[in-house]
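Asks: no letters, just coordinates:
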C-alpha cells in the first residue's frame, strides 16, 4: 500500500503530460493526491519510481508504479473502464487515437523547438524543421476539428491530448518558459481547433488541473 489508500500522481506543475493523466483521473472520478517534483533537481524523488526518470508517475493504492503518460492512460482504461475515454468500436478507436497521436506529436515538436531556443547556439535548420512539423500538425488538427463536432459535453483521449498540448502553448510564454515564438501562436491559424479547445477547457476536469508556474532554468537544463 502507498499509505493513503488513494492514488498518488507525481507531476510537474506545468506539464501537459501529467495534466492528461490528472484529467483522466478527474473524468473517471478517481480520488488521488498530487506530489510535484522537478526530475532534474537535486532533491528529486522521480528516479525512485521510474527507470526513465521522467514524469508523470502514478502510484497505485497498492504501491505499484505506473509511468509514461500514454501507458498510464491505457492502464487507467483497463483498470477503471467507466466512463470510457476511448471507444471499443475499432474504427471510432482509430479516429480517437489519430487525434491523440497528433496532439502528442505536436507537443513533442513544440518542446523540441522551445528547448532549442534555450541553447547557447540554436540551430536554425533544426528550428525550421520543428516549425514545419508544428505547422503541419496544426493544419491536420484544424481540418479534423472542422469536421469533428465538439460541444465540450463529452471528452475522449484524443480531445485530452490535443487540448492539453495547445493550452500549454498558451501558458509557456506568459510563464516565462518560452520566448514569444510565432510557431506557438496557434489560435489564428486554427479557429475551429481554438473553438473546440475553449469548449473543452470549461470542463471541471480541465479547470481543476490548470498548469502552474514553476521556477526552472531551462538554459541550464538543455546544457545539462
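Replies: Good, I have the coordinates. On a predicted model such as this, the values are computed, not experimentally measured, just so you know.
Asks: every contact and neighbour count from this point should use C-alpha atoms.
Replies: Will do.
Asks: which regions of the chain sit below the pLDDT cut-off?
Replies: 1-4, 215-224 (pLDDT under 70).
Asks: helices of that one, start to end?
Replies: Assigned by DSSP state H, the chain shows helices spanning 16-27, 69-79, 90-117, 124-147, 157-172, 191-200, 204-207, 218-223.
Asks: which one of these lies closest to residue 49?
Replies: Comparing those against residue 49 with CA to CA, the closest turns out to be helix 69-79 (13.4 Å).
Asks: buried sites along that closest one?
Replies: Within helix 69-79, the residues that count as buried by 16 or more other CA atoms under 10 Å are 69, 70, 72, 73, 76, 77.
Asks: ok, the residues you listed vs residue 54, which is closest?
Replies: Distance to residue 54, by CA to CA, is smallest for residue 69 among the buried residues of helix 69-79, at 9.7 Å.
Asks: just to revisit the earlier point, would you list the helices of the chain in a markdown table and tack on distance to residue 36?
Replies: A markdown table is the format used below for those (distance: least, CA to CA, whole Å):
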| stretch | distance to residue 36 |
| --- | --- |
| helix 16-27 | 10 |
| helix 69-79 | 15 |
| helix 90-117 | 20 |
| helix 124-147 | 29 |
| helix 157-172 | 17 |
| helix 191-200 | 24 |
| helix 204-207 | 18 |
| helix 218-223 | 17 |
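Asks: between the ones you listed, which one is nearest to residue 7?
Replies: Nearest to residue 7, of the helices of the chain and by CA to CA, is helix 16-27 at 9.3 Å.
Asks: can you name every helix or strand that that closest one contacts?
Replies: Using 3 or more CA pairs under 8 Å, 6 or more residues apart in numbering; DSSP states H and E as the contact test, the elements touching helix 16-27 are strand 7-11, helix 69-79, helix 157-172, helix 204-207.
Asks: what residues does the third one touch?
Replies: The list of residues contacting helix 157-172 from outside it, by CA atoms under 8 Å, 6 or more residues apart in numbering, reads 14-17, 19-20, 23, 85-86, 96-104, 106-107, 178, 184-186, 197, 200-201, 211.
Asks: kindly recompute the last result at 6 Å.
Replies: Applying CA atoms under 6 Å, 6 or more residues apart in numbering, the external contacts of helix 157-172 come out as 16, 85, 96, 99, 100, 103, 107, 178, 184, 197.
Asks: next one: the first one relative to residue 161, how far apart?
Replies: Residue 16 sits 8 Å away from residue 161, taking CA to CA, to the nearest Å as the criterion.
Asks: then the fourth one?
Replies: For residue 99, the distance to residue 161 under the criterion CA to CA works out to 8 Å.
Asks: among the two, which residue is more densely surrounded?
Replies: Taking neighbours as other CA atoms under 10 Å, residue 99 and residue 161 compare with residue 161 leading, 27 against 22.
Asks: ok so, going back, possible to save the buried residues of helix 69-79 as JSON lines with distance to residue 147?
Replies: Output for those, formatted as JSON lines (distance: CA to CA, whole Å):
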{"residue": "69", "distance to residue 147": "27"}
{"residue": "70", "distance to residue 147": "25"}
{"residue": "72", "distance to residue 147": "29"}
{"residue": "73", "distance to residue 147": "26"}
{"residue": "76", "distance to residue 147": "29"}
{"residue": "77", "distance to residue 147": "26"}
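Asks: just those now: which is nearest residue 111?
Replies: Among these, residue 69 lies closest to residue 111 (CA to CA), at 15.7 Å.
Asks: residues contacting that closest one?
Replies: Residue 69 is in contact with residue 17, counting by CA under 6 Å, 6+ apart.
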